[in-house]
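Visitor: Pasting a predicted model and its sequence here:
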There are 2 protein chains.
Amino acid sequence: VHRVAVDAMGGDHAPGEVIAGAVAAAHRGIDVVLVGHESTIRPLLNGADLAIEHADDVIHMGANAARALREQPQSSIAVASRLVASGGADALVSAGSTGAALAAAAILIGRVPGVLRPSIASVFPTPGTPTIVLDSGANPDCKPEHLHQFATMGSLLSREIFGVAEPRVGLLNIGEEEGKGRDLDKAAFELIAADSALRFIGNVEGRDVGRDACDVIVTDGFTGNVFLKTTEGAVRLALSLVAEGFATHSAEAQSSLGAVLGHLAATLDPDAYGGALLVGTAATVVIAHGSSSSRAITNAITMAADGAAHRIPELLAEQLVPHTA
Amino acid sequence: VHRVAVDAMGGDHAPGEVIAGAVAAAHRGIDVVLVGHESTIRPLLNGADLAIEHADDVIHMGANAARALREQPQSSIAVASRLVASGGADALVSAGSTGAALAAAAILIGRVPGVLRPSIASVFPTPGTPTIVLDSGANPDCKPEHLHQFATMGSLLSREIFGVAEPRVGLLNIGEEEGKGRDLDKAAFELIAADSALRFIGNVEGRDVGRDACDVIVTDGFTGNVFLKTTEGAVRLALSLVAEGFATHSAEAQSSLGAVLGHLAATLDPDAYGGALLVGTAATVVIAHGSSSSRAITNAITMAADGAAHRIPELLAEQLVPHTA
């Protein structure tokens, strides 16, 4: 059985929503340990029987992550990470500062042998099989070999977590033809195309959003982050303009719109996976949205348990450094 | 009076739609010269009295732009560019290969003194004052000083073409705080922030799309192109999901949706400006969409005449190399 360590103190709605989400995950049969201030956590459990690992301190959003981690060794994210590193838990979930979670994972948990750069893999909530986008923010500056490895890591996730037999990999670019993009993209294109273990379909463009063009979208962490946030902003803009337009229409039409938008919100639900997977780290780490609701936290914990059950770090190690397997 | 040279042979719907758009622009009082095969153009004029500059050849989409330009000196885009360079016309419009137009502008028209890299400035069709995004594709690989100059050029366009007295400049980035992004963005942030001639509001994010966060969005040509195409794709995805959702609703509701989407299409009309402005070139160049309708062409010609009337290249030269003014 896999145990998930949850940073109970991280997130805009922590500890209340985080603990509520952890209790719901425990009801699903997941073994959860809550990391944070015991006397704060205990009363919020409402009698549920979850393990608690005490941590004195909390790293706040906006703090310099690396420094905070050094200066606050008893912070909940640091204690949770050490718990995972020591084998006391198999996976980690945090809705706190992304920078602190990245730093804690890098320094305290470490990376899978052969991994150049751990990467944040976001799950794009499209109708049908989800698309994985990586890197989506951990590495703003990348080299071609990093993008190549993101393709390998993303394919592994798509295969193991979403059951796609031969995941299609696309390189996010500014044209369909080979030879487009920055020097980075041209070189990455060649590396990925030359790797027979990958099913590379070539370049994909921003306008392919939602077209099920591929299962894994590879790019640097700057472009991936811009891509995801732009999609979010543009969808919200379009839906709000539609809603504005209906203001002068009949009650019946507006009620139809309400039903359609409600259904759409469920289809495109950003909380469906609860967060992004940090892949390449020696244990599964899920970085939940800062604004996570209890439901998002439950889903993030479920994804973390899933990642651990699928032995993602072990499989990645076998794939990257086959002779150690 | 300013004369606009139009590449009559470039574009998916050339020469028919291009010529129809040029005739409509001439009816608006703009002096247009059509460049292309005279015996093809003449009958399509339907008796309208437009100047024609004969060109034997056409560069096709997908051709290697620089080579094609060298090998096809009598192509319509080359002849039109030389016409502008020699003073026979003041501005250029092409809906043909973007690569060929960029190469022709760089080689045959040249750049404004002091300009490091001419840049494609796209007009983002938001409700209210339009936002200018640059670079949107001419320069995939950029240095910090290029981004700084894009800020200067975008501010000039916003001021002169859209009448914004003190255009707000935002740097497209992956977080609001200073210090975010790639090395490129961090260095560009400092250069732009230190320039007292600019009204820099700091970083903007993809999720600010449509929020009127600023008047000029500055980034490299790779990110800008991804940003624009992602916005286009995401808006289309959202609207198509809404339309799908209405399929099971009443005829009345569907008719309301039709009205709302029709109004929205007019608000967010990509043809409203007809194309993107190439800024930094010694004459105004408008790169129209390959799929341009006659209406888009008319608007592109109008924007080109506007750019010439506002003396954008001359003002830019004065700003970049003040002692030559």
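Guide: Yep, it's here.

Visitor: next one: phi and psi at residue A:287?
Guide: phi -100, psi 110 (degrees, to the nearest 10).

Visitor: Quick check: beta-bridge partners of it?
Guide: residue A:94, residue A:276 (DSSP bridges).

Visitor: Any regions of chain A where pLDDT drops low?
Guide: Within chain A, the ranges that satisfy pLDDT under 70 run A:127, A:323-325.

Visitor: So which residue is dead centre in it?
Guide: Nearest to the mean C-alpha position of chain A, by CA atoms, centre = their mean, lies residue A:276 at 0.6 Å.

Visitor: Relative to chain B, how far out is it?
Guide: Going from residue A:276 to chain B by CB to the nearest CB, to the nearest Å gives 14 Å. C-beta: built from backbone N, CA, C; applies to glycine.

Visitor: Might you report the residue contacts of that residue?
Guide: Taking CB atoms under 8 Å, 6 or more residues apart in numbering or on different chains, we find residue A:276 in contact with A:120-123, A:136, A:286-287.

Visitor: how does it look with 10 Å?
Guide: Shown in contact with residue A:276 (CB atoms under 10 Å, 6 or more residues apart in numbering or on different chains): A:98, A:119-123, A:132-138, A:228, A:285-289, A:300, A:303.

Visitor: And residue A:45, by the same measure?
Guide: Applying CB under 10 Å, 6+ apart, one finds that residue A:45 lies in contact with A:19-20, A:22-23, A:26, A:34, A:52.

Visitor: again, but for residue A:231
Guide: Contacts of residue A:231 (CB under 10 Å, 6+ apart): A:124-125, A:133, A:206, A:209-210, A:268, B:206-207, B:209, B:230-231, B:233-235, B:237-238.

Visitor: Count the neighbours of the residue lying closest to it once chain neighbours are set aside for me.
Guide: Nearest non-adjacent residue to residue A:231, counting by CB to CB, 6 or more residues apart in numbering or on different chains: residue B:234, 4.5 Å away. The tally of other residues near residue B:234 (other CB atoms under 10 Å in any protein chain shown) stands at 26.

Visitor: coming back round to it: got a PyMOL select line for the buried ones in the contacts of residue A:276?
Guide: Selecting only the buried entries of those in PyMOL, with 16 or more other CB atoms under 10 Å in any protein chain shown as the criterion:
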select buried, chain A and resi 98+119+120+121+122+123+132+133+134+135+136+137+138+228+285+286+287+288+289+300+303
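
Visitor: So which of the contacts of residue A:276 are in strands?
Guide: Counting by DSSP state E, the contacts of residue A:276 place A:119-123, A:132-134, A:285-288 in strands.

Visitor: Nearest to residue B:172 among the residues you listed?
Guide: Of all these, residue A:133 has the smallest distance to residue B:172: 17.6 Å, by CB to CB.

Visitor: just the helices in chain A please.
Guide: Per DSSP state H, chain A carries helices over the ranges A:16-27, A:38-44, A:65-71, A:76-85, A:98-104, A:144-162, A:183-193, A:221-246, A:251-267, A:294-309, A:312-320.

Visitor: Residue B:168 is nearest to which of those helices?
Guide: Residue B:168 lies closest to helix A:221-246 among the helices of chain A, at 17.4 Å (CB to CB).

Visitor: Now find how far off-centre the closest one is within its chain.
Guide: Its chain's C-alpha centre and that of helix A:221-246 lie 19 Å apart, by CA atoms, centre = their mean, to the nearest Å.

Visitor: Ok, stretch A:242-250 next?
Guide: 35 Å.

Visitor: who's in contact with the nearest residue to residue A:48 once chain neighbours are set aside?
Guide: Leaving aside its sequence neighbours, residue A:48 sits nearest to residue A:23 (CB to CB, 6+ apart; 4.6 Å). Listed by CB under 10 Å, 6+ apart, the contact set of residue A:23 reads A:32, A:34, A:44-50, A:294, A:297-298.

Visitor: now residue A:283
Guide: Contacts of residue A:283 were listed using CB under 10 Å, 6+ apart, and they are A:5, A:81, A:84-85, A:87, A:89-92, A:105, A:109-110, A:112, A:304, A:307-308, A:312-313.

Visitor: if we can go back for a sec, closest to chain B among the contacts of residue A:23?
Guide: Using CB to the nearest CB, residue A:297 is the member of the contacts of residue A:23 that lies nearest chain B, at 22.0 Å.

Visitor: show me the contacts for the nearest residue to the closest one once chain neighbours are set aside.
Guide: Excluding the flanking residues, the one nearest residue A:297 by CB to CB, 6+ apart is residue A:21, at 2.6 Å. Taking CB under 10 Å, 6+ apart, we find residue A:21 in contact with A:6, A:11, A:13, A:32, A:93, A:95, A:274, A:288, A:292-302.

Visitor: Looks like the residue nearest to residue A:231 contacts residue A:126 (just checking).
Guide: No - the pair residue B:234 / residue A:126 is not scored as a contact, 11.2 Å apart, by CB atoms under 10 Å.

Visitor: Now for those two: what residues contact both?
Guide: By CB under 10 Å, 6+ apart, the residues touching both residue B:234 and residue A:126 are A:209-210.

Visitor: Tabulate the contacts of residue A:23 in a markdown table, adding columns for distance to residue B:321.
Guide: Output for the contacts of residue A:23, formatted as a markdown table (distance: CB to CB, whole Å):
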| residue | distance to residue B:321 |
| --- | --- |
| A:32 | 65 |
| A:34 | 64 |
| A:44 | 66 |
| A:45 | 70 |
| A:46 | 71 |
| A:47 | 75 |
| A:48 | 71 |
| A:49 | 75 |
| A:50 | 69 |
| A:294 | 61 |
| A:297 | 58 |
| A:298 | 61 |
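
Visitor: Looking at the stretch 1-150 of chain A, which residue is nearest chain B?
Guide: Residue of the stretch 1-150 of chain A nearest chain B, by CB to the nearest CB: residue A:140 (4.4 Å).

Visitor: Tally up the residues packed near that residue, please.
Guide: 22.

Visitor: so it sits right up against residue B:180, yeah?
Guide: Yes - between residue A:140 and residue B:180 there is a contact under CB under 10 Å: 8.0 Å.

Visitor: Touching both of these two, which residues are there?
Guide: Listed as contacting both residue A:140 and residue B:180 by CB under 10 Å, 6+ apart are A:222, A:225, B:173-174, B:186.

Visitor: Kindly list the main-chain dihedrals of the most far-flung residue of chain A relative to its centre?
Guide: What lies farthest from the middle of chain A is residue A:250; by CA atoms, centre = their mean that is 41.2 Å. Recorded main-chain torsions at residue A:250 are phi -70, psi 160, according to degrees, to the nearest 10.

Visitor: what's the farthest-apart pair in the shared contacts of residue A:140 and residue B:180?
Guide: The span of the shared contacts of residue A:140 and residue B:180, defined through CB to CB, is set by A:225 and B:186 at 14.9 Å.

Visitor: So which of those two has more stuff around it?
Guide: The neighbour comparison of residue A:225 against residue B:186 (other CB under 10 Å) goes to residue A:225, with 26 against 16.
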